[in-house]
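Asker: pasting a predicted model and its sequence here:
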Amino acid sequence: MTILNLSDNDYDKLVSEQDAVLVEFWAEWCSLCKQMKPILEDIDQAYAGKVTVAMVDVATETKVTEQMGVMSLPALFIYKKGQLVGKVTGFVPKETLTGAINQLIP
């Protein structure tokens, strides 16, 4: 699969229609966000068909960024069947993310 780039207009639709979604709020200037990118790419490949991985650029998608209360980057949100089940700010090791994801999927 491919990591999706979400906009203000399609954020709610995507998280409500997919079984499991991992969303990163990021910015071009954020060095920790850049460190997270290969981890997200690995997760996208490892969980293809089970977890949708998406990103929101806080510089251009200000409405959803404000709606979700994002104050620090990177901000990661995990959804299960449209419900927010996890949120973490800052760099997250791959093992921590995969552990959280493994609890959500059968």
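Answerer: Cool, the structure landed. Predicted model, so just to flag it, every value in this text is computed and none were measured.

Asker: show me the contacts for the residue most central in space within the chain.
Answerer: Compute the mean C-alpha point of the chain, and by C-alpha atoms, centre = their mean the closest residue is residue 23, 1.4 Å away. Under the criterion of C-beta atoms under 8 Å, 6 or more residues apart in numbering, the contact partners of residue 23 comprise 6, 11, 15, 53-56, 76-79. (Each C-beta comes from the backbone N, C-alpha and C, glycine too.)

Asker: nearest to residue 93 among those residues?
Answerer: Nearest to residue 93, judged by C-beta to C-beta, of the contacts of residue 23 is residue 76 at 11.8 Å.

Asker: would you agree the closest one is in contact with residue 91?
Answerer: No. Here residue 76 lies out of contact with residue 91, judged by C-beta atoms under 8 Å, at a distance of 9.7 Å.

Asker: what touches both of those two?
Answerer: When contacts are counted by C-beta under 8 Å, 6+ apart, residue 76 and residue 91 have residue 36 as shared neighbours.
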